[in-house]
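# Below are the sequence and a predicted model for it; my questions follow.
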Amino acid sequence: MITRLWLSLCILLISVPTALGQYTETINSNRPGNSQGAFAVGKNVLQLELGLGLGQENHDLLNTEASAFSIDYAVRYGLLKERLEINAIGNYQRNEVTFNDGFVTGDFTQANFRLNSVGAKYLLYDPYRKRDLEGPNLYSWKANNTFQWRDLIPAVSVYAGANFDFEDNPFTPEDELTISPRVVIITQNNFLGGWVFVTNIIVDRVTTEFPSYSYILTLTHAFSEKFSAFVENEGIKSDFYADQLFRGGAAYLFNKDFQLDASVLLNWKDTPTRTFFRIGASYRFDMHGEDEYIEETGPDGEPINKKKKKKKRNRRDDVDVEDDGGNPFEDRP
């Protein structure tokens, strides 16, 4: 069954038609939130995202207090097509734990990966491509600058990957090395005024005894070309660990390839209570070439949105000019 699922996902990723590339003039980072955006980084773009965190985790039932240090990372690369991205995503955490039940006191260390996955993301549907082709409404300022019902139609992506959980890991339910699937359905709405809303629906470790199901809702607002802020809610449901996490923070774009960010994480439960402060950075190595466009076909199989390219002809004085479809240049005496 699992083999058939993976095979179906691979066929789906390969068979979906290619479209306009997701490359942007400025860096497209998933930081500082914990969700994945729907769009890929762009063909031949290598992007590194790194964060450091300091926090506290206190568990009332276990009578423990932990000072925590974490490193979260993402390595993203646009491969083969503009819509396709392969990535490695992880979070490593080290806790210095103090145990005190009133009678016995002790210290010990916990360290391992909360998340360590490798996979691929593919954009299945992009509603903004069609709007770009249509261009602005030349007869209505309101149609171009106010909310439209079609704005509720999101871009949709799917992520398929594998978790690598190492042995003796206090943050995962398995005591030995385990490889399990991770699937994420991603939607993204880009609203007027610099608002972006992203949702992630995550199915995790379904082949183990402790499958996990979660969601992430991220709302980001760009106050200017350089500065943006976000709020985020993550809900996790599992027999091993369940929680409601809340994040907020901001990012600053230094240049088109480099971004810095800061954020905080809180929750409302005491088993454990979690408080984290994180800082991070994103940097891309831009090796992107020409943008890639789809050619939508009609019933006859002919492209319906392919732009006609103008041919160039050489004059006798070797100056290149564009032929507009009229008569060719004639020799002059």
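Arrived safely, thanks for sending.

# which ones are touching the closest residue to Arg205 other than its chain neighbours?
Using CB to CB, 6 or more residues apart in numbering and skipping the chain neighbours, the partner closest in space to Arg205 is Ser180 (4.3 Å). The way it works is simple: take the backbone N, C-alpha and C, and place the C-beta from them, glycine included. Ser180 sits next to Ala162, Asn163, Asp165, Asp204, Arg205, Val206, Thr207, Thr208 when contact means CB atoms under 8 Å, 6 or more residues apart in numbering.

# Return the distance of the last one relative to Ala88.
I take that to be Thr208. From Thr208 over to Ala88 the distance is 21 Å, taken as CB to CB, to the nearest Å.

# what comes up buried for stretch 163-181?
Asn163, Phe164, Asp165, Asn169, Phe171, Thr172, Pro173, Glu174, Thr178, Ser180, Pro181 (16 or more other CB atoms under 10 Å).

# okay, how far is it across it, tip to tip?
End-to-end distance for stretch 163-181, by CA to CA, to the nearest Å: 6 Å.

# Work out the gap between it and the centre of the chain.
24 Å (CA atoms, centre = their mean, to the nearest Å).

# can you list the weak-confidence ranges in the stretch 51-200 of the chain?
Counting by pLDDT under 70, the stretch 51-200 of the chain contains low-confidence residues at 102, 130-147.

# the helices in it, which residues?
Ranges of helices within the stretch 51-200 of the chain are 127-134, 141-145, based on DSSP state H, counting those that start in this stretch.

# Give me the three-state assignment for the residue most central in space within the chain.
Centroid-nearest residue in the chain, with CA atoms, centre = their mean: Gln36, separated by 2.7 Å. Under DSSP: H, G, I helix; E, B strand; the rest coil, Gln36 falls in the coil class.

# got a pLDDT number for it?
Note for Gln36: predicted pLDDT of 95.

# Now do the contacts for it.
Contacts of Gln36 by CB under 8 Å, 6+ apart are Asn30, Lys121, Ser157, Tyr159, Val184, Ile186, Val198, Asn200.

# Mind checking which of these are in strands?
Judged by DSSP state E, the contacts of Gln36 include Lys121, Ser157, Tyr159, Val184, Ile186, Val198, Asn200 as members of strands.

# follow-up on the earlier one: Thr208 and Ala88: who's more crowded?
The neighbour comparison of Thr208 against Ala88 (other CB atoms under 10 Å) goes to Thr208, with 18 against 15.

# The more buried one is in contact with Asp175, isn't it?
No. Using CB atoms under 8 Å, Thr208 is not in contact with Asp175, being 11.4 Å away.

# tell me which of the contacts of Gln36 is nearest to Asp72?
Of all these, Asn30 has the smallest distance to Asp72: 10.4 Å, by CB to CB.

# Please report the distance of the closest one from Val75.
Distance from Asn30 to Val75, by CB to CB: 12 Å.

# list the residues that contact both of those two?
With CB under 8 Å, 6+ apart, Asn30 and Val75 have common neighbours Glu49.

# of these two, who's got more company?
More crowded of Asn30 and Val75, by other CB under 10 Å: Asn30, with 19 against 15.

# Output stretch 253-270 in PDB, but only the C-alpha positions, please.
What follows is stretch 253-270, C-alpha atoms only, in PDB (Å, rounded to 0.1, in the frame of the first residue of the first chain):
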ATOM      1  CA  LEU A 253      15.200  42.200   3.400                       C
ATOM      2  CA  PHE A 254      18.700  43.600   3.200                       C
ATOM      3  CA  ASN A 255      19.000  43.000  -0.500                       C
ATOM      4  CA  LYS A 256      17.300  40.800  -3.100                       C
ATOM      5  CA  ASP A 257      19.200  37.700  -2.000                       C
ATOM      6  CA  PHE A 258      19.600  38.100   1.700                       C
ATOM      7  CA  GLN A 259      17.000  38.300   4.600                       C
ATOM      8  CA  LEU A 260      17.200  38.500   8.400                       C
ATOM      9  CA  ASP A 261      14.400  37.600  10.800                       C
ATOM     10  CA  ALA A 262      13.400  37.200  14.400                       C
ATOM     11  CA  SER A 263      10.500  35.400  16.000                       C
ATOM     12  CA  VAL A 264       9.000  34.100  19.300                       C
ATOM     13  CA  LEU A 265       7.200  30.800  20.000                       C
ATOM     14  CA  LEU A 266       4.600  30.300  22.800                       C
ATOM     15  CA  ASN A 267       2.100  27.600  23.800                       C
ATOM     16  CA  TRP A 268      -0.700  27.400  26.400                       C
ATOM     17  CA  LYS A 269      -0.100  24.000  27.900                       C
ATOM     18  CA  ASP A 270       2.100  23.000  30.800                       C
END
